[in-house]
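> have a look at this fold, sequence not included:
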């Protein structure tokens, strides 16, 4: 690994270690890098924020997007202390990051009590076979239809 990449990974791991010794959340840290500089940082704050989505990668994405004034991180790389969970992986795709570098993997996380195997098993299942009950309630009338309004909106920003 090149020296600069190693430094970014060490920063993410140092953040994770600091968080592991504190009270903000779990042992995870992430940085978003653009043009050789950190533009976003995040640590796990699930328990301190009472927010199950406050994972390190999501927090770093939010920070970078605020800093850059854009929801797209197309020219950015993410260095994260651990392989992203399915939620974070989806967020990284939505943010359109270029590359994700990770230190520890899902087995390391699982051994520490952060086991995402249920999610990996559930996602590919048909909706009716998932543990989480999901019921589609099709509206009897959808006038106006929000998707039609979106397609016609002059204010639309394509994702």
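Everything's here; your move. Fair warning: this is a prediction, and the values are worked out from it, not measured in the lab.
> residue 101 and residue 2, how far apart?
11 Å (Cβ to Cβ, to the nearest Å). For every residue, glycine as well, the C-beta is placed using N, CA and C.
> ok, residue 54 - how many residues close by?
Counted with other Cβ atoms under 10 Å, residues neighbouring residue 54 total 20.
> residues in contact with it?
Applying Cβ atoms under 8 Å, 6 or more residues apart in numbering to residue 54 gives the contacts 25, 44-46.
> how about those in JSON lines, adding distance to residue 152?
Formatted as JSON lines, those follow (distance: Cβ to Cβ, whole Å):
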{"residue": "25", "distance to residue 152": "42"}
{"residue": "44", "distance to residue 152": "40"}
{"residue": "45", "distance to residue 152": "39"}
{"residue": "46", "distance to residue 152": "39"}
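> neighbour-wise, which of those leads?
residue 44 (27 neighbours).
> do I have it right that that one meets residue 24?
Yes - taking contacts as Cβ atoms under 8 Å, residue 44 lies within contact range of residue 24: 7.1 Å.
> just checking, next helix/strand downstream of the lengthiest helix in the chain?
When the chain is parsed with DSSP state H, its longest helix is helix 3-20. Under the assignment DSSP states H and E, the closest C-terminal helix or strand after helix 3-20 is strand 29-34.
> ok, the spatially closest residue to residue 19 that is not a sequence neighbour - contacts?
Excluding the flanking residues, the one nearest residue 19 by Cβ to Cβ, 6 or more residues apart in numbering is residue 43, at 4.2 Å. Counting by Cβ under 8 Å, 6+ apart, residue 43 touches 15-16, 18-19, 24-25, 28-30, 56, 59.
> now list the buried members of these.
Applying 16 or more other Cβ atoms under 10 Å to these, the neighbour count classes 15-16, 19, 25, 28-30, 56, 59 as buried.
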